[in-house]
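1. Pasted the sequence and its predicted model underneath.
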Amino acid sequence: MARYELVKRSVALITLTNPPVNALSSAVRHAMAKSMERALNDPKVTAVVICGENGRFCGGADIREFAGPLRGPPLVPLLDAIEAGQKPVVAAIEGVALGGGFELALVCHYRIAHFKARLGLPEVTLGLLPAAGGTQRLPRLIGIPAALEMITTGRHLSAQEALKLGILDQVTEQNTCEVAVEFALRAVGKPLSSRRVSMLTTPCTPDLDALLEAVTMQVKKKARGVMAPLACIQAVRAAATMPYSKGIKRESELMATLFNSGQAQALQYCFFAQRTAGKWTLPNGAQWNNSKPREIRSAAIIGLGTMGRGIVVSLARVGISVIAVESEKKLLETGKQMVIGMLERDAKRRGVSASLNLLKFTLSLQDLKDVDLVIEAVFEDMALKKRVFQELSKVCRPATVLCTNTSGLDVDALAGVTDRPHLVVGMHFFSPAHVMKLLEVVCGPRSSSETIATAMSLGKRMGKVSVAVGNCPGFVGNRMLKPYLDQATFLLEEGATPEQVDKALEDFGFAMGVFRMSDLAGLDVGWRIRKESGLTGPDVDPKNPPRRRQGRRYCPVPDMICEQGRFGQKTGRGWYMYDKPGGTNAKPDPLIQNLLEMYRSRYGIQPRNISDQEIIERCLFALANEGFRILEDGIAARPEDIDVIYLFGYGFPRHRGGPMFYASMVGLERVLQRLEHYHQANPDVPHLEPSPLFKKLVACGSPPVQKWREHIKTMHSHL
Ligand SMILES: CC/C=C\CC(=O)SCCNC(=O)CCNC(=O)[C@H](O)C(C)(C)COP(=O)(O)OP(=O)(O)OC[C@H]1O[C@@H](n2cnc3c(N)ncnc32)[C@H](O)[C@@H]1OP(=O)(O)O
């Protein structure tokens, strides 16, 4: 857990050995304490160097240990002892120094880092604050403004930036440990008092109150309802206004309020859920660590609409050659100009040169004969997509992987028209594809494990959070959206307004309420799908009872809105009104208010006051209920996968953990009770009927999310 060696006859080299990130587990803290004691007591030792094994200094406290009682020596006294020691201690930082690992570096008297190292205090992203002295030492070292930014955002700094800020004493391109040992030898005999960061006086900040107020407003706006950044600000204020001994007490009090909060649990759950999602597994035993992905050097994108353009950018910026195909010259030229502009802006932002030489634009599918992988991103029309896949079968070499970016159509039906169904897989990007992190990798029944591994690995390479899902209408994300949207429109019928529903959801923490989000996405897409499925339009049987379709409750208001040409932001009118087509500033529209009033009076609906609690319960419990059905049907392997999809694709607030985690935090029994209540009132809304899996979990005593898997016995896994 920590290796102790004597090097150069007088330097104690202490190496943290807890792979993969040398987290400060109880065993590591114990070993560290013993090693430090030995070094400080051995007269042969004149200086100490602390480093981490496998090129990683330390990833911080062991987050997995947060769930249980504290075992082993606490971190704070251990760090205080290192700082107070009479022999110079040098941190040799390679890879990462994060959280408690960064705080460990701060108590060392000198810090040397490899030029590729990253440093930071990401505790805030886990719902915590740096409580091993970080909020008190860092402001003393680099001043309040810079410390505040680091602590409230959790941003990782490059070694160069950390050097500029005065966090590091040296950055090296050589062997960091060797450089640190030489440095330590030179430090022997030099006074240490000015190197003890806790003894420094925090540099004075002019207009401290104004700065703290501005940052408070900023974090409240960015992370509505999130506690940790606010607690971080209070702790940093203490560093500016209190002596160290009092500031450290304040830090620890603030940490105590955060540590056991639901928000911290949710955020830590998200950290692990994101990592779990990458570990896909199929019933045949193939999984993430035994399936080799193909190497992808070249790709083709078919269709240069919004999605296609974003996918081209995502591929080109990670060094993959891309051939972009359009069907008409004009569309090709427009798409080309937009892609080039997007890549140039992206490169400028990242301070690199745009990889335009990797791009080729063509009108001919014949040009795709040698590519490794194709992603089809044409209009959402099955007949058109089938034609494209048939053509690709003829043109591409037999080993080319064929992917579709459909947002909900049958991936296996597309595989069926090709000569290589095993090489067909869904890659469902989210719009805008070069910005949104989520990628649903849709596994058809015939997709081979190598094909799935290839799509997952390509997603990772593009910086996406990839989740493997099964093939069903809407897959996971869009399938769950239906009950959520239905509940939102039913609430309008019953008396709510779009702005009231959106406000309740935004107060809950969503980046955007459901109606604002629909306006952004475009209302015409759903309208076309409803027309195609016979729910609206000329094909609807006139004898159909009003507000009912296919034996279920149906709200025609979204269709009425589209019939008026209100397709959302792009037409300047939707659920809201905007200054102009393409405008983003949503304002409540009196016409919608009128439309709803007339609609209600036409159908004799008496509007009632609807509470925010009802809005949240009906929208989010219906969402989670569909998640349970998805697990039951084997479309998602784990609740973590569903939560990750909602966090990264649909703006679900991270401090609530995702729909499945949120349901478990509210209490499955309570959610079940509320769903039964709403279903009784709406027996013609099947989405409100609690799923059998949900009831089973409640009957089993509502186990924590991580244990649900043991209770899921799907007839067929679609993964
Ligand atoms: C008194 C309180 C004192 C201190 C508070 C803290 O220190 S809180 C912890 C602060 N540290 C962090 O938030 C860092 C979290 N880790 C990361 O950001 C990344 O893991 C890291 C270090 C940048 C490495 O990224 P990489 O992509 O290379 O690997 P990956 O994320 O997949 O992680 C590999 C496995 O390590 C597990 N892991 C990572 N960090 C921790 C940790 N701090 N504690 C426990 N486990 C950690 C991670 O879950 C992966 O394991 P797996 O089994 O695959 O899930």
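-> Structure received.
2. Low-confidence bits of the stretch 151-300 of the chain, can you list those?
-> The model of the stretch 151-300 of the chain has no residue with pLDDT under 70.
3. Checking the residue nearest the centre of the chain next. Helix, strand or coil?
-> Closest residue to the average C-alpha location of the chain: residue 648 at 4.4 Å, with Cα atoms, centre = their mean. When classified by DSSP: H, G, I helix; E, B strand; the rest coil, residue 648 comes out as helix.
4. which parts of the stretch 101-250 of the chain sit against the ligand?
-> 122, 123, 126, 131, 132 (Cβ under 6 Å from any ligand atom). All C-beta atoms are positioned from the backbone trio N, CA, C, and that covers glycine.
5. wait, what's in contact with the third one?
-> I take that to be residue 126. By Cβ atoms under 8 Å, 6 or more residues apart in numbering, the contact list for residue 126 reads 63, 228, 264, 267, 268, 271.
6. Which members of these are classed as buried?
-> 63, 228, 264, 267, 268 (16 or more other Cβ atoms under 10 Å).
7. Next one: residue 407 from residue 427, what distance?
-> For residue 407, the distance to residue 427 (Cβ to Cβ, to the nearest Å) stands at 11 Å.
8. Just give me the neighbour total for the closest residue to residue 270 other than its chain neighbours.
-> Excluding the flanking residues, the one nearest residue 270 by Cβ to Cβ, 6 or more residues apart in numbering is residue 654, at 5.3 Å. As a burial measure, residue 654 scores 22 neighbours (other Cβ atoms under 10 Å).
9. circling back to that earlier point, hang on, isn't the residue nearest to the centre of the chain packed against residue 466?
-> No: proximity of residue 648 to residue 466 does not meet the contact threshold set by Cβ atoms under 8 Å, at 9.8 Å.
10. Please list all residues in contact with whatever residue of the stretch 451-600 of the chain ends up closest to the ligand.
-> Residue of the stretch 451-600 of the chain nearest the ligand, by Cβ to the nearest ligand atom: residue 460 (9.8 Å). For residue 460, the contact set (Cβ under 8 Å, 6+ apart) comprises 278, 466.
11. Can you pull the phi/psi pair for it?
-> phi -60, psi -40 (degrees, to the nearest 10).
12. how distant is the helix or strand hosting residue 383 from the center of its chain?
-> Per DSSP states H and E: residue 383 is located in helix 382-395. In terms of Cα atoms, centre = their mean, to the nearest Å, the centre of helix 382-395 is found 33 Å from the chain centre.
13. On the C-terminal side of that helix, identify the next helix or strand.
-> Using DSSP H and E, the next helix or strand after helix 382-395 towards the C-terminus is strand 401-404.
14. How far does that next one sit from its chain's centre?
-> For strand 401-404 - counting by Cα atoms, centre = their mean - the centre lies 25 Å from the chain centre.
15. Adjacent strands (with direction) for it?
-> Paired neighbours of strand 401-404 in the sheet (DSSP bridges): strand 373-376 (parallel), strand 424-429 (parallel).
16. Let me know which of those strands is tucked in deepest.
-> strand 424-429 (a mean of 28; mean count of other Cβ atoms under 10 Å).
17. What strand or helix carries the closest residue in space to residue 132 that isn't next to it in sequence?
-> Once flanking residues are discounted, residue 132 sits nearest to residue 103: 4.2 Å by Cβ to Cβ, 6+ apart. Using DSSP H and E, residue 103 sits in helix 100-107.
18. Give me the distance between that helix and the centre of its chain.
-> That offset, for helix 100-107, works out to 26 Å (Cα atoms, centre = their mean).
19. which residues are in contact with whichever helix or strand comes after that helix?
-> Using DSSP H and E, the helix or strand that follows helix 100-107 in sequence is strand 110-114. With Cβ under 8 Å, 6+ apart as the test, strand 110-114 has contacts from 88-95, 97, 105, 119, 159, 162-163, 167-173, 176, 179-180, 183-184, 187, 195.
20. Let's see that with 7 Å instead.
-> If you take Cβ atoms under 7 Å, 6 or more residues apart in numbering as the criterion, strand 110-114 is touched by 88, 90-94, 105, 159, 162, 167-172, 176, 179-180, 183, 187, 195.
21. mean confidence for it?
-> Averaged over strand 110-114, pLDDT sits at 98.
22. That one vs helix 100-107, what angle?
-> 130 degrees (axes from the mean of the first three to the mean of the last three Cα atoms, to 10 degrees).
23. Send me strand 110-114 as CSV with only the CA atoms.
-> In CSV, the C-alpha atoms belonging to strand 110-114 read as follows (Å, rounded to 0.1, in the frame of the first residue of the first chain):
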residue,chain,number,x,y,z
TYR,A,110,8.0,21.3,-2.3
ARG,A,111,6.0,20.1,-5.3
ILE,A,112,7.5,18.9,-8.6
ALA,A,113,5.3,17.6,-11.4
HIS,A,114,5.7,15.9,-14.7
